[in-house]
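> coordinates only, sequence not included:
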């Protein structure tokens, strides 16, 4: 059993940056993965170009997280999303949190 204080188990924080785990719809997540794979790009390379962790990009493509605005705009640019696809992604962007 994993120790509750270990980094593998992150407690849900009401006062911090983990409050809203907004998720992408399955349709938008599938668009991201399809656009990346159609270009023949790997998760690692695409994440490097965008400036994010490959694990984060994987979570986006599986619909487990929604990107912040900056990441969404980079995804739109790098994956060359159509206007309709870009609008759908922008509609699902996670809220920005104020730093305390």
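Sure thing, it's come through. Since we're looking at a predicted model, the values are computed, not measured.
> In the chain, where's the longest helix?
Using DSSP state H, we find that the single longest helix of the chain is helix 26-38.
> Show me what it is packed against.
Where contact means 3 or more CB pairs under 8 Å, 6 or more residues apart in numbering; DSSP states H and E, helix 26-38 is packed against helix 54-61, helix 69-79, helix 83-91. Any C-beta I mention is one placed from the backbone N, CA and C, and that applies to glycine too.
> any chance of these in JSON lines, plus mean pLDDT?
Shown next, in JSON lines, are the helices and strands packed on helix 26-38 (pLDDT from 0 to 100):
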{"stretch": "helix 54-61", "mean pLDDT": "96"}
{"stretch": "helix 69-79", "mean pLDDT": "96"}
{"stretch": "helix 83-91", "mean pLDDT": "96"}
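> what's the closest of those to residue 45?
Counting by CB to CB, residue 45 lies closest to helix 54-61 out of those; the figure is 8.9 Å.
> helices and strands around that closest one, which ones?
Counting contacts by 3+ CB pairs under 8 Å, 6+ apart, helix 54-61 is packed against helix 26-38, helix 43-50, helix 69-79.
> how about a cut-off of 7 Å?
helix 26-38, helix 43-50 (3 or more CB pairs under 7 Å, 6 or more residues apart in numbering; DSSP states H and E).
> what angle do it and helix 26-38 make?
Angle of helix 54-61 versus helix 26-38, following axes from the mean of the first three to the mean of the last three CA atoms, to 10 degrees, is 130 degrees.
> between helix 54-61 and helix 43-50, how many degrees?
Orientation note: helix 54-61 sits at an angle of 100 degrees relative to helix 43-50 (the same axes, to 10 degrees).
> So which bits of helix 54-61 are buried?
For helix 54-61, the neighbour count (16 or more other CB atoms under 10 Å) marks 56, 57, 59, 60, 61 as buried.
> As JSON lines, these with distance to residue 72 would be great.
JSON lines is the format used below for the buried residues of helix 54-61 (distance: CB to CB, whole Å):
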{"residue": "56", "distance to residue 72": "12"}
{"residue": "57", "distance to residue 72": "12"}
{"residue": "59", "distance to residue 72": "14"}
{"residue": "60", "distance to residue 72": "9"}
{"residue": "61", "distance to residue 72": "13"}
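> Fine by me, thanks again.
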